[in-house]
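Peer 1: Fold the stuff below for me.
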Amino acid sequence: DRDSVSVTEAMRSVAKAILRETEIRVSSRSQSLQGTNMILQKLACVLVRGSLTQIDLSQRGLVVADARIIRLALLHNPSLSVLKLGYNNLADNGTSDIAQAIRGHPSLTTLDIGFNNVG
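Peer 2: Got it, this is the predicted structure:
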């Protein structure tokens, strides 16, 4: 089934990133909600360790609750320099949660939160 292949590919990306401890990019567009939750949980664990420098979760169907997970993880990760969350459904509340987390962040230089149903 196509969704399970997408989840498997996404989980491989997470596993490779955990081993490399510098970058996560989830590029497949079709994925089940359960797969997204697993990726976000793994992502939060890695981010709390403070070792990632880049995250690309564009076009993943993320919602407000997912932004809260990302916000909490960002607060514990001073090494993150690139965060791409465009083309999701984070809405006003989700982008506000993320904005609070990046305020004063020591190394974030690139943020993409475009096209998230804000406004």
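Peer 1: can you map out the helices along this structure?
Peer 2: Along the chain, the segments classed as helices by DSSP state H run 2-20, 33-48, 64-75, 91-102.
Peer 1: what pLDDT, on average, does the first one get?
Peer 2: I take that to be helix 2-20. The average pLDDT within helix 2-20 is 51.
Peer 1: do you know how far Gly119 is from Ala91?
Peer 2: 9 Å (Cβ to Cβ, to the nearest Å). For every residue, glycine as well, the C-beta is placed using N, CA and C.
Peer 1: let me fix that: Ser58
Peer 2: Ser58 is 16 Å from Ala91, by Cβ to Cβ.
Peer 1: any low-confidence regions in this structure?
Peer 2: Low-confidence segments of the chain (pLDDT under 70): 1-40, 42-50.
Peer 1: go with 80
Peer 2: Applying pLDDT under 80 to the chain flags the ranges 1-52, 69, 72-73, 76-77.
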